[in-house]
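Colleague: Build the 3D model from these lines:
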Amino acid sequence: MNAVFKICQFRVRTSVLQISGRRQCLFILLLTLGILFAACPAYCSTTYFVQPDGSDSNSGTTINSAFKTIGKGVSSAAAGDTIYVRAGTYSYTGSSTAINLTAKSGASASNRPKLFAYPNERPLVDFSTISGTSADGISVKGSYWYVKGLDLKGAPHNGLRIRGDSGGANYNIIEFCSSYENRNSGVQIDKGAAYNQIINCDSYYNCDVCSVPVGKDADGFSPKLDVGTGNYFYGCRSWGNSDDAYDGYLRGADDVNTTYENCWAFKCGWYWKDGSTNTSMNGNGFKMGGSDDKTLRHNATVKNCLAFSNKVKGFDQNNDKGNMTLYNCTAFDNNMGGDGANYGINVFPLASGKTATVTNCISAGTGGIDINDFVVQTTNSWQSPFDVNEADFASIDANAAYGARKADGNLPDISFMHLANGSDLIDGGTDVNLPFYGNAPDLGAFEHLDGDCHADGVVDWLDLACLVDNWLTFDCGTCNGADFDGDSKVNFYDFAMMAENWLK
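Modeller: Okay, here's the model as predicted:
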């Protein structure tokens with residue numbers, strides 16, 4: 001501030017304008033303050049810390065003076081602030097929703113309040129001792145919140161619920177979180193909540209054990225009932241839930257859009273504690289829509305998604321009357337309960353102006369397809385000239401799909417349902433404006449890379465070792481996956497193909 005006064009004094013002495021020194025100095029001060037306030041949102045945000053041995057009487061602004069509860073951090077934060085939650089277990093009791101992200105909202109996508117796990121730590125938020133049946137673990141009614149890196153467990157109702165009944169709950173991001181063993185859905189979006197992103201999250205072992213019969217309503221992810229439009233799921237996994245993996249059933253909303261991309265759905269329709277099932281457990285992978293009166297429109301776009309070993313259907317229309325667009329999806333061994341299919345889109349007609357499109361998709365193993373002629377089908381594995389069998393895949397062992405995510409939250413690299421070298425499903429698809437390698441898109445959820453000896457979606461040192469182990473072998477069939485050009489020998493041509501995709 002002294003510098004400002006010196007500037008004022010200089011301007012007063014040198015100004016040729018007939019303005020008093022006091023007025024000129026006041027003008028410069030106001031200009032300076034205006035610049036400072038304009039810059040403040042970018043530079044003046046506050047960081048708060050929460051850890052199990054902290055105290056809510058602390059300032060919360062340093063690790064050594066951390067709050068004890070997440071709720072205290074939430075009530076202290078404003079738009080643009082960050083709340084870091086340290087590793088440890090945060091247990092909640094009582095009979096009401098534990099954490100409410102309701103009173104505050106961000107102002108825009110660049111000015112969000114953030115509730116983050118502390119870097120390289122993984123806090124557990126345990127709701128299993130909350131009583132009753134209606135309390136959610138985390139309730140998000142505000143907008144532009146960013147929640148990342150939390151494990152949520154055991155809520156009497158939903159583990160995390162984004163609900164727009166207060167006029168907000170839009171444009172939130174939930175990333176790299178897991179929600180499990182809740183007594184309703186792991187993550188639910190409803191009450192008009194719109195344009196939310198669920199990124200690289202897991203939802204599993206959710207089962208509504210408080211109702212009879214067991215397992216009627218607990219889904220993994222539920223953009224359903226009176227949900228808003230524009231919600232987006234990317235890189236999510238949903239498994240072992242007593243009902244559906246992803247449920248888009250509508251009651252109160254109509255003509256809304258939901259997108260699923262690079263998401264996996266598996267082994268739903270069973271009670272995880274004992275592996276049992278009953279007739280009330282739907283057990284679908286992606287239930288795209290449906291409604292009580294069978295008239296409502298949930299426009300579902302499903303891209304590069306994988307569904308396997310679900311009790312009923314992998315990809316299910318239910319009675320949805322909206323648009324359904326499936327590009328490059330893979331379904332394997334659904335219909336585990338004996339009354340389903342890998343793909344079930346057979347309820348006609350759709351609402352006026354709505355269409356169903358299935359392109360570049362794979363059906364393998366048990367289940368088959370139940371698709372009506374009104375569906376536009378292009379270059380799918382059940383159409384000529386394709387003939388799908390086990391040899392088309394690098395692996396049909398699904399165990400790796402349960403594995404840990406990468407450190408950045410992305411899905412694990414697996415070889416399950418990746419195409420094997422030489423499969424006619426490689427380059428067999430139609431361009432639908434999704435990225436692809438080669439002359440044309442492959443069929444299914446995973447694009448094949450030449451040089452990917454292990455067919456796990458990445459070309460790295462493991463593949464180079466595979467190439468070396470099979471170097472200069474001849475008449476070797478696929479040469480343990482190292483014959484990338486399909487001539488039954490491993491030589492410099494295969495090395496060149498690997499080099500082209502190195503570390504992709």
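
Colleague: What's the separation between residue 139 and residue 127?
Modeller: 12 Å (C-beta to C-beta, to the nearest Å). (C-beta placed from N, C-alpha, C; glycine too.)

Colleague: who has more neighbours, these two?
Modeller: Each of residue 139 and residue 127 had its neighbours counted (other C-beta atoms under 10 Å), and the higher figure belongs to residue 127 (27 against 21).

Colleague: Per-residue pLDDT of that one, please?
Modeller: On pLDDT, residue 127 comes in at 97.

Colleague: from what I can see it touches residue 153, true?
Modeller: Yes. If you go by C-beta atoms under 8 Å, residue 127 and residue 153 touch, sitting 6.6 Å apart.

Colleague: Give me the common contacts of these two.
Modeller: Counting by C-beta atoms under 8 Å, 6 or more residues apart in numbering, the residues touching both residue 127 and residue 153 are 159, 182.

Colleague: And the helices in the stretch 401-504 of the chain, which stretches?
Modeller: Counting by DSSP state H, counting those that start in this stretch, the segments of the stretch 401-504 of the chain that form helices are 461-469, 492-500.

Colleague: which one of these has the lowest average pLDDT?
Modeller: Of all these, helix 492-500 carries the lowest average pLDDT, namely a mean of 69.

Colleague: Am I right that residue 158 is in contact with residue 188?
Modeller: Yes. Here residue 158 lies in contact with residue 188, judged by C-beta under 8 Å, at a distance of 4.5 Å.

Colleague: Looking at the two, which is more packed in?
Modeller: Using other C-beta under 10 Å as the criterion, residue 158 and residue 188 rank with residue 158 on top: 31 against 27.

Colleague: got the contact list for that one?
Modeller: By C-beta under 8 Å, 6+ apart, the contact list for residue 158 reads 136-137, 182, 184-188, 222.

Colleague: Output the residues you listed in JSON lines, with pLDDT and secondary structure appended to each entry.
Modeller: Below are the contacts of residue 158 laid out as JSON lines (pLDDT from 0 to 100; DSSP: H, G, I helix; E, B strand; the rest coil):
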{"residue": "136", "pLDDT": "97", "secondary structure": "coil"}
{"residue": "137", "pLDDT": "97", "secondary structure": "coil"}
{"residue": "182", "pLDDT": "96", "secondary structure": "coil"}
{"residue": "184", "pLDDT": "95", "secondary structure": "coil"}
{"residue": "185", "pLDDT": "97", "secondary structure": "coil"}
{"residue": "186", "pLDDT": "98", "secondary structure": "coil"}
{"residue": "187", "pLDDT": "98", "secondary structure": "strand"}
{"residue": "188", "pLDDT": "98", "secondary structure": "strand"}
{"residue": "222", "pLDDT": "98", "secondary structure": "strand"}
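
Colleague: Now the two most distant members of these.
Modeller: Across those, the longest distance by C-beta to C-beta is 14.1 Å; it joins 137 and 222.

Colleague: In contact with the residue lying closest to residue 364 once chain neighbours are set aside, which residues?
Modeller: Nearest residue to residue 364 in three dimensions, chain neighbours excluded: residue 332, at 4.8 Å (C-beta to C-beta, 6 or more residues apart in numbering). Applying C-beta under 8 Å, 6+ apart to residue 332 gives the contacts 306-309, 314, 342, 362-365, 367, 396, 398, 417.

Colleague: likewise residue 295?
Modeller: 321, 351.

Colleague: quick one: it from residue 284, how far?
Modeller: In terms of C-beta to C-beta, residue 295 sits 20 Å off from residue 284.

Colleague: Kindly report the same for residue 142.
Modeller: In this view, residue 142 and residue 284 are 31 Å apart by C-beta to C-beta.

Colleague: for residue 129, same thing?
Modeller: Note on residue 129: its distance to residue 284, by C-beta to C-beta, is 32 Å.

Colleague: neighbour count winner among the two?
Modeller: Shown here are residue 129 and residue 284; by other C-beta under 10 Å, residue 284 has more neighbours (29 against 11).

Colleague: So for that one, what's the pLDDT?
Modeller: 97.

Colleague: Pop out the phi and psi values for residue 363.
Modeller: phi -120, psi 120 (degrees, to the nearest 10).

Colleague: Can you give me the pLDDT of the residue nearest to it when sequence neighbours are not counted?
Modeller: Setting aside the residues directly before and after it, residue 363 is nearest to residue 342 in space (C-beta to C-beta, 6+ apart), at 4.3 Å. On the pLDDT scale, residue 342 is placed at 98.

Colleague: tell me the phi and psi of residue 342?
Modeller: phi -70, psi -40.

Colleague: hang on, it packs against residue 313?
Modeller: Yes. Residue 342 is within contact range of residue 313, at 7.3 Å (criterion: C-beta under 8 Å).

Colleague: which neighbours do those two share?
Modeller: What both residue 342 and residue 313 touch, as defined by C-beta under 8 Å, 6+ apart, is the set 334-335, 367.

Colleague: got the residues you listed as a markdown table, with pLDDT columns?
Modeller: Listed next are the shared contacts of residue 342 and residue 313 as a markdown table, based on pLDDT from 0 to 100:
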| residue | pLDDT |
| --- | --- |
| 334 | 96 |
| 335 | 91 |
| 367 | 90 |
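
Colleague: Of the residues you listed, which is the most crowded?
Modeller: Neighbour tally across these (other C-beta under 10 Å): the maximum, 33 neighbours, falls on residue 334.

Colleague: show me what contacts residue 240?
Modeller: Contact partners of residue 240, counting by C-beta under 8 Å, 6+ apart, are 204-205, 267-268, 270, 272.

Colleague: 10 Å - rerun?
Modeller: 180-181, 203-207, 220, 266-273, 275, 402 (C-beta atoms under 10 Å, 6 or more residues apart in numbering).

Colleague: Just those: which are in strands?
Modeller: In strands, defined here by DSSP state E, the members of the contacts of residue 240 are 180, 203-204, 266.

Colleague: May I ask which of the residues you listed has the most neighbours?
Modeller: Sorting these by how many neighbours each has (other C-beta under 10 Å) puts residue 203 first, at 32 neighbours.

Colleague: Surely that residue touches residue 159?
Modeller: Yes. Residue 203 is within contact range of residue 159, at 7.3 Å (criterion: C-beta atoms under 10 Å).

Colleague: what's the overlap in contacts for those two?
Modeller: With C-beta under 10 Å, 6+ apart, residue 203 and residue 159 have common neighbours 152, 177-180, 182, 185-188, 220.

Colleague: got these as JSON lines, with distance to residue 168 columns?
Modeller: Converted to JSON lines, these look like this (distance: C-beta to C-beta, whole Å):
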{"residue": "152", "distance to residue 168": "21"}
{"residue": "177", "distance to residue 168": "20"}
{"residue": "178", "distance to residue 168": "25"}
{"residue": "179", "distance to residue 168": "21"}
{"residue": "180", "distance to residue 168": "27"}
{"residue": "182", "distance to residue 168": "23"}
{"residue": "185", "distance to residue 168": "20"}
{"residue": "186", "distance to residue 168": "22"}
{"residue": "187", "distance to residue 168": "17"}
{"residue": "188", "distance to residue 168": "16"}
{"residue": "220", "distance to residue 168": "24"}
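
Colleague: With that, I have no additional questions.
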